[in-house]
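> structure for the following, please:
(2 chains)
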Protein chains: 2
Amino acid sequence: MKFCSDCGAAVSLTIPQGDNRPRYVCSSCNVIHYQNPRIVAGCLPVYGDKVLLCKRAIEPRYGYWTLPAGFMENGESCEEGAARETEEEACAEVTNLRLYTMFSLPHIDQVHLFYLADMPNEHYAPGSESLLTQLLLEEEIPWDELAFPTIGRTLRYFFADRKEGHFAMRSEALLRPVRAN
Amino acid sequence: MKFCSDCGAAVSLTIPQGDNRPRYVCSSCNVIHYQNPRIVAGCLPVYGDKVLLCKRAIEPRYGYWTLPAGFMENGESCEEGAARETEEEACAEVTNLRLYTMFSLPHIDQVHLFYLADMPNEHYAPGSESLLTQLLLEEEIPWDELAFPTIGRTLRYFFADRKEGHFAMRSEALLRPVRAN
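Numbering: from 1, shown residues only, chains lettered A, B, ... in the order given. Below is the predicted model of the structure:
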């Protein structure tokens, strides 16, 4: 950030009075521009004994596999964001969304949320951001070609929990880049 | 938003190619300025059979009671944000944070997270944003003087769950302003 989005004057990085960390503050209108982590919301869509994955048609991680997910938009709930991304990336309908994993990624200022979700039918297809969408059995998961660490962790928790017959919600922090699978 | 924070030129609200909703786009450098919901993270600090509340010393809702909570900062995890806010607003240490309630508030572009947390000692005091901090029994909660709807809901869930002997994580959307208590 170099310029004030309210008035167009230059901003400087200073600690405002009463605050304890540097913020972008406008040199002219004095507005403080706070910056905060962004939420990525997605689904783990389940159909019978299979889960739905998407092969990415966009960077980053073009060609790698992901769960349908993306940045939450203003004006929607987390569940709505997760369902919208599933519709956009995999043209799939999801129901019965239950929060399943939440990852803080402080090194990239993101929080990732994944919802366990049912697919009421077997309809799915690649959206504009996917090369391919596919329902996969556990033994078919391309573990070495997953796009992001939070995808691999969510899938591993799911298959382990399914064996136990109980799905436990996880909230954890990934404090530095970790392996995608 | 009126000006580009990268180059200072005017922005206009248009739907970028390949997108499906209006964004602020720079007329000069063409950067797209996405806007996303912000996370408010906080704790429900428990000490024995009491919970810790703060009387707000700032607007909005000056003089009303809240759980310690505030906007999550870049570079921290959700749990770190919740613990930091508890330290800042109530000068209290918390341990064993478990995600307890998550509320989407799409009408104000916020997501509120509250963690159940233990207080390892009885030390607490008002921080600069609090007039008063107090450990309260269920029958002492000032239900008619709570600052925000997500505070009242979290407290009601907590006391109901405590009677049941089981704390169930809740994720829900509050689709429009509702009563604070």
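> partners of the nearest residue in space to A:Asn36 that is not next to it in sequence in the sheet?
Setting aside the residues directly before and after it, A:Asn36 is nearest to B:Arg38 in space (C-beta to C-beta, 6 or more residues apart in numbering or on different chains), at 4.7 Å. C-beta coordinates here come from the backbone N, C-alpha and C atoms, glycine included. On the basis of DSSP bridges, B:Arg38 is bridged to B:Gln110.
> show me the residues around B:Arg38 that make contact.
Taking C-beta atoms under 8 Å, 6 or more residues apart in numbering or on different chains, we find B:Arg38 in contact with A:Asn36, B:Phe71, B:Met72, B:Asp109, B:Gln110, B:Val111.
> relative to the whole chain's centre, how far out is stretch A:14-22?
30 Å (C-alpha atoms, centre = their mean, to the nearest Å).
> next, count neighbours for A:Gly165.
A:Gly165 is flanked by 6 other residues according to other C-beta atoms under 10 Å in any protein chain shown.
> got the contacts of B:Arg38 as JSON lines, with neighbour count and pLDDT columns?
Formatted as JSON lines, these follow (neighbours: other C-beta atoms under 10 Å in any protein chain shown; pLDDT from 0 to 100):
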{"residue": "A:Asn36", "neighbour count": "16", "pLDDT": "96"}
{"residue": "B:Phe71", "neighbour count": "14", "pLDDT": "97"}
{"residue": "B:Met72", "neighbour count": "28", "pLDDT": "98"}
{"residue": "B:Asp109", "neighbour count": "16", "pLDDT": "97"}
{"residue": "B:Gln110", "neighbour count": "17", "pLDDT": "97"}
{"residue": "B:Val111", "neighbour count": "27", "pLDDT": "98"}
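> which one of those sits closest to A:Pro142?
B:Val111 (31.4 Å; C-beta to C-beta).
> how near is that closest one to B:Gly42?
Separation of B:Val111 from B:Gly42 (C-beta to C-beta, to the nearest Å) stands at 12 Å.
> I figured A:Ala83 hits A:Asn96, correct?
No: contact criterion C-beta atoms under 8 Å: A:Ala83 and A:Asn96 do not qualify, at 10.7 Å.
> is stretch A:83-102 in proximity to chain B?
Yes: judged by C-beta under 8 Å from any C-beta of the partner chain, stretch A:83-102 comes into contact with chain B at A:Arg98, A:Leu99, A:Met102.
> which ones among the residues you listed map onto strands?
Among the residues of stretch A:83-102 next to chain B, the members falling in strands (DSSP state E) are A:Arg98, A:Leu99, A:Met102.
> just the buried residues of the residues you listed.
A:Leu99, A:Met102 (16 or more other C-beta atoms under 10 Å in any protein chain shown).
> looking at the ones in strands among the residues of stretch A:83-102 next to chain B, which is nearest A:Asp118?
A:Arg98 (9.4 Å).
> read off the pLDDT value for the closest one.
pLDDT for A:Arg98: 96.
> next: A:Arg170.
As predicted, A:Arg170 sits at a pLDDT of 94.
> for burial, what's the neighbour tally of it?
A:Arg170: 16 neighbours (other C-beta under 10 Å).
> what's across from it in the sheet?
Assigned bridge partners for A:Arg170, using DSSP bridges, are A:Thr101.
> list the contacts for it?
Taking C-beta under 8 Å, 6+ apart, we find A:Arg170 in contact with A:Tyr100, A:Thr101, A:Met102, A:Tyr157.
> contact partners for the second one?
Right, A:Thr101. A:Thr101 touches A:His112, A:Leu113, A:Phe114, A:Thr150, A:Arg153, A:Thr154, A:Tyr157, A:Met169, A:Arg170, A:Ser171, A:Glu172, counting by C-beta under 8 Å, 6+ apart.
> got it, and A:Ile39?
A:Phe71, A:Met72, A:Cys78, A:Gly81, A:Gln110, A:Val111, A:His112, A:Leu113, B:Asn36, B:Pro37, B:Ile39, B:Val111.
> what domains does the record give for chain A?
What automatic domain parsing lists as the domains of chain A is A:1-35, A:38-173.
> pick out the shakiest of the ones you listed, pLDDT-wise.
domain A:1-35 - the lowest mean pLDDT of the domains of chain A, at a mean of 93.
> how close does A:Arg21 sit to chain B?
A:Arg21 sits 7 Å away from chain B, going by C-beta to the nearest C-beta, to the nearest Å.
> tally of neighbours for that residue?
Counted with other C-beta under 10 Å, residues neighbouring A:Arg21 total 9.
> I'd say it and A:Thr14 touch.
No: at 10.3 Å, A:Arg21 does not count as touching A:Thr14 under the criterion of C-beta under 8 Å.
> can you name the residues bridging to A:Thr66?
Under the criterion used (DSSP bridges), A:Thr66 bridges to A:Cys54.
> same question for whichever helix in chain A runs longest: list its buried residues.
Criterion DSSP state H: the longest helix present in chain A is helix A:149-164. Burial within helix A:149-164, assessed by neighbour count using 16+ other C-beta under 10 Å, is assigned to A:Pro149, A:Thr150, A:Ile151, A:Gly152, A:Arg153, A:Thr154, A:Leu155, A:Tyr157, A:Phe158, A:Asp161.
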